[in-house]
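Q: Just the structure for this:
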Amino acid sequence: MVARSTNPELLRGHLRVLLGLGDESASGSASGFDVAELVGPTDAPTTRRSSSAPEPALVQVRTADGTEIPAYLLRPAPDVGHGAAVVLVAGHGRGIDDLVAQDPVDDYHDGLAHKLVRSGVTVLCPEMVSFGRRRFPQADGAEPYEPTENTCGIDAAAHLLHGQPVMGHRVSDARAAVQALRQLPGVDPDRVAVAGGSGGGAVALLLAAVDPTVSAALVATYFCTFEASLCSIRHCPCNIVPGLLPELEMADIAALIAPRPLILEAGERDHIFPIEATRAAFARLAGVWEEQGSTPPELVVTDSGHAFRAERSLDALVERLA
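A: Here you go, the predicted structure:
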C-alpha cells in the first residue's frame, strides 16, 4: 500500500494543528524567513581545513517573541564550503554537547556535527526543550542534574496540560533555527536541510513534513511505524502527539516531504525501532515520489543497533544538497 499522497495540504494542515502549530500553511516566500536571527560569533568560519577538532561557536537563535535558543554553529573552511546548510537536532542525551563531542565521541552521535562540517556543510545545532541548557529549572536545594539527565517527563506533562505536545515546541524551535540559518552570509537559503536521529529524527521528520520550504531531511533510527515502536515498546513520553493515529502513521507523515529529498537510516539491530517495521513502512514511500516525478527516498540500513552512523546516509544528503 502506498502512503497517503491525496490532498497533502489538508493532511499537512491537520498535522500542524496536532503539533500545536496552527493550521496556516508555511510560507515559501523570502518574507517568511525573517522571523528569527542568529546572535553571537557568526562572522568568521569556525573550521580550518587542517583542523581535526574544529571549535563550534555557541550562538543564540532569537525568535520573533524574543526567546533565545542556545545553539552551536560550525562553519566549513572557505575552500570546502558549497553553500548548503543543515539544522542538526540531537537525540536524547546531553543535548547539543553530544553533537560536538570528540574526545571521546558520543556513542550514539559519533561526532556527527564534525562529519557534516567536514563535508562542506554549515551546521547549526539548536538545543531542544528538556535537554542540556534547556532543562526544566531545578528547585532550590535540589541535587544538580547529571550530565545526561533530561526533563522530558516534566516538560511533556506541562505542555500537554496546556494543549500542545512538547514535540510541537521542538519542531517550532527547529524551524526557527532553519529560518535563522537561511539569513547567514555564505548559506544558500534554498539549500537548508534538517537532520536528526532518534528523538532528533522525530523533530527532523515532522519539521520537513509541516514546512515545505525545508530543502531535504535526514532521519536516523526513528522512521518505523508507531504501532511497532511507540505503541509496543517503552519510549519517552515526549514522543507522544495525541491524535496522530489512525490517520497519520509515520509513512503518511514522511509522504508529506515529497518531492523533496528524504534520506532514512536504520540499524539492523535497533531494539526500539524494529527493522522489519521500518522496511515495511519504507516500502509505502517510493510511489509517492514517483507520482511527482522525483527520486524516491533512500533507506540506509547499518549493522548497528540504535546508533547514528551517518556514513552513506550523510553522503546521500550532501549529494542531494550540493
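Q: Tell me the confidence at Lys257?
A: Let me fix one detail, which is that residue 257 is Ile and not Lys. Looking at Ile257, its pLDDT is 98.
Q: same question, Ser31
A: Turning to Ser31, the model gives it a pLDDT of 37.
Q: Can we start the residue count at 25 from this point?
A: All set: I'll call the first residue 25, so the last point we hit is now Ser55.
Q: Kindly format the C-alpha coordinates of stretch 237-247 as PDB.
A: What follows is stretch 237-247, C-alpha atoms only, in PDB (Å, rounded to 0.1, in the frame of the first residue of the first chain):
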ATOM      1  CA  THR A 237      10.400  25.200   2.500                       C
ATOM      2  CA  VAL A 238      12.800  22.800   4.200                       C
ATOM      3  CA  SER A 239      15.100  21.600   1.400                       C
ATOM      4  CA  ALA A 240      15.700  18.000   2.500                       C
ATOM      5  CA  ALA A 241      15.700  15.700   5.500                       C
ATOM      6  CA  LEU A 242      17.900  13.000   7.000                       C
ATOM      7  CA  VAL A 243      16.100  10.900   9.600                       C
ATOM      8  CA  ALA A 244      18.000   8.200  11.500                       C
ATOM      9  CA  THR A 245      16.900   5.400  13.800                       C
ATOM     10  CA  TYR A 246      13.400   6.700  14.200                       C
ATOM     11  CA  PHE A 247      11.400   6.000  11.000                       C
END
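Q: Figure out how far that stretch is from the centre of its chain.
A: 6 Å (C-alpha atoms, centre = their mean, to the nearest Å).
Q: Run through the helices of the stretch 25-174 of the chain in chain order.
A: Assigned by DSSP state H, counting those that start in this stretch, the helices in the stretch 25-174 of the chain fall at 32-42, 120-124, 136-142.
Q: between the ones you listed, which one is nearest to Ile296?
A: helix 120-124 (17.7 Å; C-beta to C-beta). Placement of C-beta: from N, CA and C, glycine included.
Q: And the closest one, what does it pack against?
A: Other elements packing on helix 120-124 under the criterion 3 or more C-beta pairs under 8 Å, 6 or more residues apart in numbering; DSSP states H and E are strand 92-98, helix 136-142, strand 146-150.
Q: From the chain's centroid, how far away is it?
A: When distances are taken as C-alpha atoms, centre = their mean, helix 120-124 is centred 14 Å away from the chain's centroid.
Q: which residues are contacting it?
A: Around helix 120-124, the neighbours that count as contacts under C-beta atoms under 8 Å, 6 or more residues apart in numbering are 80, 94-96, 98, 112, 114-115, 130, 132-133, 136-138, 149-151, 155-157, 171.
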